[in-house]
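Asks: Have a look; sequence and predicted model below, questions after that.
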Amino acid sequence: MLKKVAIMAGLLSMAIGFLLVTFSDRTFAVKNDLTIDRPAMEIWPVLTDVEKWPAWWPGVREARLTPGWRKGATLDLVLKGRPEKDPATVETVLPAREMTWERPGILGSVTRTSVVLEAAPDGTRISLKSFIKGPQAFLAGFTGKEEFARYHEAVLVALKARLQQMEKS
């Protein structure tokens, strides 16, 4: 019995090693856009108020940013259904234009999330982008871009609803 367990453990280790080597450069990306008839300067404060994300950002149960929106800051997120062990690191902050954060993914992968604001004829186009590099990108391919796109759409619609709610207050 012990010999069988050792053989299975060895095979599993080889499979994981194969996955790491074979898919270390694989990438996966999804981008969704929504135009909101507000200037970026009205949208930006809602996006940067991290502690209030749980009130409107689907799936976020807790969010904390230390020490504030700047390169190298730590973004701690607790997501519904699965706690995140590793915090994200803020990579880009261009006020009223872009925020990007990265976190370690599984099996040595890197995940990056960006929110980009661009002027549009009828307001501001908000783009939500998810990017994964490494073995996790291969695995994300199984869940499909459609799932990621649906989640992005839910986040963008929730942001729009939050802005409308604030306007009524």
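Replies: Thanks, I have the structure now. Numbering: from 1, shown residues only.
Asks: hey, let's count contacts and neighbours off CA atoms from now on
Replies: OK.
Asks: For the protein, just list every one of the helices.
Replies: 2-22, 40-48, 135-168 (DSSP state H).
Asks: Which strands or helices does the last one pack on?
Replies: Secondary structure elements in contact with helix 135-168, counted by 3 or more C-alpha pairs under 8 Å, 6 or more residues apart in numbering; DSSP states H and E, are strand 27-36, strand 123-133.
Asks: next one: that helix to chain centre, how far?
Replies: 9 Å (C-alpha atoms, centre = their mean, to the nearest Å).
Asks: now that helix and helix 40-48, what's the angle there?
Replies: 120 degrees (axes from the mean of the first three to the mean of the last three C-alpha atoms, to 10 degrees).
Asks: what angle separates helix 135-168 from strand 27-36?
Replies: 10 degrees.
Asks: nearest residue to the residue most central in space within the chain other than its sequence neighbours?
Replies: The structure's the chain has its C-alpha centroid closest to Thr113; by C-alpha atoms, centre = their mean the separation is 3.9 Å. Spatial nearest neighbour of Thr113, excluding adjacent residues (C-alpha to C-alpha, 6 or more residues apart in numbering): Ser130 at 4.7 Å.
Asks: Just the pLDDT at that neighbour, thanks.
Replies: Ser130 is assigned a predicted lDDT (pLDDT) of 96.
Asks: Please apply the same query to the one 3 residues further on.
Replies: Among the per-residue scores, Lys133 shows a pLDDT of 93.
Asks: Would you mind confirming that it makes contact with Glu102?
Replies: No. Lys133 is beyond contact range of Glu102, at 10.9 Å (criterion: C-alpha atoms under 8 Å).
Asks: Keeping just the C-alphas, turn stretch 63-75 into PDB.
Replies: Once non-C-alpha atoms are left out, stretch 63-75 reads as follows in PDB (Å, rounded to 0.1, in the frame of the first residue of the first chain):
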ATOM      1  CA  ALA A  63     -11.100  45.100   1.000                       C
ATOM      2  CA  ARG A  64      -8.200  47.100   2.500                       C
ATOM      3  CA  LEU A  65      -5.500  49.200   0.800                       C
ATOM      4  CA  THR A  66      -2.300  50.000   2.700                       C
ATOM      5  CA  PRO A  67      -1.000  52.700   2.700                       C
ATOM      6  CA  GLY A  68      -3.100  54.200  -0.200                       C
ATOM      7  CA  TRP A  69      -3.300  54.200  -4.000                       C
ATOM      8  CA  ARG A  70       0.300  54.300  -5.000                       C
ATOM      9  CA  LYS A  71       2.700  51.900  -6.700                       C
ATOM     10  CA  GLY A  72       3.800  49.100  -4.300                       C
ATOM     11  CA  ALA A  73       0.800  49.500  -2.000                       C
ATOM     12  CA  THR A  74      -0.800  46.300  -0.600                       C
ATOM     13  CA  LEU A  75      -4.400  45.500  -1.600                       C
END
